[in-house]
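> Sequence plus the predicted model coming up.
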Amino acid sequence: MSTLSKNKSGEAESMKISKKHLNQLIQKSHEQDPVSPIPSSERVVPFELGKQNRIIRGRMPGMEAVYDRYARLLAQTLTQNMRRSVTVNRRATELV
């Protein structure tokens, strides 16, 4: 049984729920969430990693940013270790 006790000022302190009532609430929540089958259009499609089809065409700005940062960090590291000014230039990105 659910009871609500109040303190001297009339505010609610806590709510006590019996174990039987709690089990009923849990069972109701399970009844309301039925597992629906996955529609056939959303089924998992196998992916073959050995395919040789090219998907990406054109520029890859994300990879160019990675290359630029790597070139800059490599130049800084070599300059510090060799104690000479080192310049690293990135060549154009090409599709192979």
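Cool, got the structure.
> pLDDT weak spots in this structure?
Along the chain, segments meeting pLDDT under 70 span 1-15, 32-41, 54-57, 95-96.
> all strands of this structure, in order?
Assigned by DSSP state E, the strands in the chain fall at 3-6, 12-16.
> hey, which helix is longest across the protein?
For the chain, the helix with the greatest residue count under DSSP state H is helix 61-82.
> and residue 84, what is it in contact with?
Under the criterion of CB atoms under 8 Å, 6 or more residues apart in numbering, residue 84 has no contact partners. For every residue, glycine as well, the C-beta is placed using N, CA and C.
> ok, it to residue 92 distance?
27 Å (CB to CB, to the nearest Å).
> now do residue 21
Counting by CB to CB, the gap between residue 21 and residue 92 amounts to 71 Å.
> more neighbours, those two?
residue 21 (12 against 5; other CB atoms under 10 Å).
> right, and residue 89 touches residue 72 too?
No. At 10.8 Å, residue 89 does not count as touching residue 72 under the criterion of CB atoms under 8 Å.
> more crowded one of these two?
Remark: of residue 89 and residue 72, residue 72 carries more neighbours, 12 against 6, as counted by other CB under 10 Å.
> From residue 71, how far out is the spatially closest residue to that one that is not a sequence neighbour?
With sequence-adjacent residues excluded and distances taken as CB to CB, 6 or more residues apart in numbering, residue 72 is closest to residue 88, at 7.5 Å. Applying CB to CB, one obtains 4 Å for the distance of residue 88 from residue 71.
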